[in-house]
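Novice: Quick one: sequence and predicted model below, then my questions.
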Amino acid sequence: MGYVAVTGGQAAIETANNLTQWYRLKDSDRSLKVEDIEHQMRQLINRVMGEGGLYAPEYAAIAVKQAEGDPAEAAFLMRAYRSTLARNYYSETIEPEKMRVIRRISSSFKDIPGGQILGPTYDYTHRLLNFDLRDENHRDALNQILDHLSIDPKHMSVKLTFQKVTDLLREQGLVGNPDPQEQKPFDMTRQKLTFPASRSARLQALSRGETGAMTALAYSSLRGYGAVHPTIGELRVGYAGVAIAYPYDEKESLYIGEMMLTEVETINSFTLNDDGAITFRLGYGLVFGQNETKAIAMAILEQSLETKGKSPTQDEEFVLLHIDSVEANGFVSHLKLPHYITFQSKLDVLRQSRKISMEQKKNEMRDFKGQEV
Amino acid sequence: MAEMSKRRLSKILVNSDLPLLKKISDQAEALAEIRVERAPQTSLVMMKAKDSVSTQPFYMGEVLVTECTVSINDKFGIGVVIGEQPERAYRMAAIDAAFNAGLPIVKEWGPLLIAEEARLAERQNMESARVSESRVNFDTMEEFHDQH
């Protein structure tokens, strides 16, 4: 066996690329505007940014257009692009407690201080196809919506920042006090992920995991292939301000903008603390954009990995290595690439086995006939 | 205005209308030579977030930024902003350098920047007020029966 070079494919590859573009455009009379994808396909953009590990809505929209809407391909494009850029800064620690909230709910406590705010959600919407979208006029539709979105003048001074529900629980001694000493986080983009992984490595892997894979695994944990069935202490969506250190004065910081995040804190079972007190076990999820299912799945999986057991979702190598969109898609779709040598060796084994078994059969037959005589 | 922290100034500049940034940075350009030390370029900032369960930080992913460094009379200024925004990054850097170089014109910018800050607060308040209209109270059936 040896290496087989594939030759003469350049023109065919160019044609294949052109065909892709032809199939992308042939049935349309206009090209999709990147701006429209960015602003009107928020959920897809948020997924692609999260799974690509790069918060860049405009670039995610380009990736979505280029990938013809395939989120895995778009996430791949984002990862590939990010690898070409220098990383010059680390942000100051983002504290979602300070986020400008647009949605905040709790399914554990009905009376949370500051109240529950539904914000933008499909949770209470009838799942009926809206055929009006076929002929939607942007200006008319927006004006109509704004007419319905009344503003109460007394709400103009409302600041939508809230204390965390978990902090309230912590104040009441219902949640254990964590280690106050800040530790340097693990960075899986620079260091190889080894097992057992640190908590910061797990959270990083989960935060950029694939929404569907994480949802499936978290669902399995809820259905009995794991040990976690939480209630949501708090789910919040909002804008978090991002700052970096100011390079010319260490006492100053530089604000660089805000990003949308979804944060989930789940309340799980009870645990016995080192000091003998029984407290709640909490799960944690934080993801780019508004991606609530992924944030909940993250909190479930994170907690599942914190518990010992034999279920798939309690095996961190199983979970963390299989939720990565780029790795999973790359590995499965690499099967499309030439495997002629691999297959040739399988064929050789098959032929050899058949030859041996045929000879064996022939010998057995001869022996049998010999006995008959 | 001289006491405005870099965080506050950069927050205003990140959110300001670009024509305003252009207008005031042009004034700096007219008074002093702005040397581009590092032309606007895209790069990454790794996001460090606090896990509220362990209260320890973790890296959640990177954010694309545009950064630019300029100098005025050997005093540096920097502009870093989320997204691909080369002009904004340059204008922010020029304004920052003008503050660091102590150009007298910066005193005139104070009221403009503070007015811009107020406009941002107004925009955010409008959004919060709209969102506030979706505030909800959940009642359990027990309470419902108690009331009736």
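Specialist: Alright, I've got the coordinates.

Novice: Phi, psi for residue 43 please.
Specialist: With no chain named, the answer covers chain A. Here is the backbone geometry of residue A:43 (degrees, to the nearest 10): phi -60, psi -40.

Novice: Let me rephrase: I mean chain B.
Specialist: phi -150, psi -170.

Novice: can you check residue A:45 too?
Specialist: Torsion angles, degrees, to the nearest 10, at residue A:45: phi -60, psi -40.

Novice: Quick one: find the helix or strand in chain A with the lowest mean pLDDT.
Specialist: Lowest by mean pLDDT, DSSP states H and E among the helices and strands of chain A is helix A:165-171, with a mean of 83.

Novice: for it, packing partners?
Specialist: Secondary-structure packing of helix A:165-171 (3 or more C-beta pairs under 8 Å, 6 or more residues apart in numbering or on different chains; DSSP states H and E): strand A:231-245, strand A:253-272. Any C-beta I mention is one placed from the backbone N, CA and C, and that applies to glycine too.

Novice: Give the partner strands of the last one in its sheet and their orientations.
Specialist: Strand A:253-272 has the following sheet partners, assigned by DSSP bridges: strand A:231-245 (antiparallel), strand A:278-288 (antiparallel).

Novice: which of those strands has the lowest average pLDDT?
Specialist: Across the strands paired with strand A:253-272, strand A:278-288 has the smallest mean pLDDT, namely a mean of 90.

Novice: Can you list the buried residues in that strand?
Specialist: A:279-288 (16 or more other C-beta atoms under 10 Å in any protein chain shown).

Novice: what mean pLDDT would you report for the helix or strand just after that strand?
Specialist: Toward the C-terminus, strand A:278-288 is succeeded by helix A:292-306 as the next helix or strand (DSSP states H and E). Mean pLDDT, helix A:292-306: 95.

Novice: chain center to the helix or strand that helix A:292-306 is followed by, what's the gap?
Specialist: Counting by DSSP H and E, the next helix or strand C-terminal to helix A:292-306 is helix A:316-322. Taking C-alpha atoms, centre = their mean, to the nearest Å, one finds helix A:316-322 lying 14 Å from the centre of the chain it belongs to.

Novice: So is helix A:316-322 next to chain B?
Specialist: No. Applying C-beta under 8 Å from any C-beta of the partner chain, one finds helix A:316-322 separated from chain B by no less than 13.4 Å.

Novice: Residues in contact with that helix: which ones?
Specialist: A:193, A:195-197, A:201-202, A:205-206, A:213, A:217, A:301, A:304-305, A:312-313, A:327-328 (C-beta atoms under 8 Å, 6 or more residues apart in numbering or on different chains).

Novice: Let me have the strands paired with strand A:253-272 in CSV, extended by distance to residue A:50.
Specialist: CSV is the format used below for the strands paired with strand A:253-272 (distance: least, C-beta to C-beta, whole Å):
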stretch, distance to residue A:50
strand A:231-245, 13
strand A:278-288, 4
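
Novice: Okay, buried residues for stretch A:149-158 please.
Specialist: Buried residues in stretch A:149-158 (16+ other C-beta under 10 Å): A:151, A:155.

Novice: coming back round to it: save the helices and strands packed on helix A:165-171 as a markdown table, and put in mean neighbour count too.
Specialist: Shown next, in a markdown table, are the helices and strands packed on helix A:165-171 (neighbours: other C-beta atoms under 10 Å in any protein chain shown):
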| stretch | mean neighbour count |
| --- | --- |
| strand A:231-245 | 21 |
| strand A:253-272 | 22 |
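
Novice: For chain B, give me the ranges with low pLDDT.
Specialist: By pLDDT under 70, the weakly predicted segments of chain B are B:1-2, B:140-148.

Novice: Which parts of chain B are strands?
Specialist: B:35-50, B:57-72, B:75-82, B:135-136 (DSSP state E).

Novice: The third one close to chain A?
Specialist: What that stands for is strand B:75-82. Yes. Residues of strand B:75-82 are located near chain A by C-beta under 8 Å from any C-beta, namely B:76, B:78, B:80-82.

Novice: May I have the strands that pair with that strand, each with its orientation?
Specialist: Sheet pairing for strand B:75-82, using DSSP bridges, gives strand B:57-72 (antiparallel).

Novice: relative orientation of the partner strand and strand B:35-50 in degrees?
Specialist: Inter-element angle recorded for strand B:57-72 and strand B:35-50: 160 degrees (by axes from the mean of the first three to the mean of the last three C-alpha atoms, to 10 degrees).

Novice: Would you reformat the helices and strands packed on helix A:165-171 as TSV and include distance to residue B:11?
Specialist: Output for the helices and strands packed on helix A:165-171, formatted as TSV (distance: least, C-beta to C-beta, whole Å):
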stretch	distance to residue B:11
strand A:231-245	7
strand A:253-272	4
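
Novice: Make a markdown table out of the strands of chain B and add mean neighbour count.
Specialist: Formatted as a markdown table, the strands of chain B follow (neighbours: other C-beta under 10 Å):
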| stretch | mean neighbour count |
| --- | --- |
| strand B:35-50 | 18 |
| strand B:57-72 | 24 |
| strand B:75-82 | 23 |
| strand B:135-136 | 14 |
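
Novice: Can I get those strands in JSON lines including distance to residue A:35?
Specialist: Converted to JSON lines, the strands of chain B look like this (distance: least, C-beta to C-beta, whole Å):
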{"stretch": "strand B:35-50", "distance to residue A:35": "18"}
{"stretch": "strand B:57-72", "distance to residue A:35": "17"}
{"stretch": "strand B:75-82", "distance to residue A:35": "17"}
{"stretch": "strand B:135-136", "distance to residue A:35": "32"}
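
Novice: State the distance from residue A:144 to residue A:138.
Specialist: Separation of residue A:144 from residue A:138 (C-beta to C-beta, to the nearest Å): 11 Å.

Novice: So residue A:154 versus residue B:129, what's the distance?
Specialist: Residue A:154 is 9 Å from residue B:129, by C-beta to C-beta.

Novice: Low-confidence stretches in chain A?
Specialist: For chain A, the ranges with pLDDT under 70 are A:1-8, A:272-275, A:372-373.

Novice: go again using 90 as the cut-off
Specialist: A:1-10, A:95-97, A:108-115, A:148-183, A:224-229, A:268-281, A:307-308, A:336-347, A:350, A:362-373 (pLDDT under 90).

Novice: max-length helix in it?
Specialist: helix A:340-372 (DSSP state H).

Novice: swap in chain B?
Specialist: Chain B, longest helix under DSSP H: helix B:106-132.

Novice: Tell me if stretch A:179-189 is near chain B.
Specialist: Yes. Counting by C-beta under 8 Å from any C-beta, chain B has neighbours in stretch A:179-189: A:179-180, A:182-183, A:185-189.

Novice: And that stretch, end to end?
Specialist: 26 Å (C-alpha to C-alpha, to the nearest Å).
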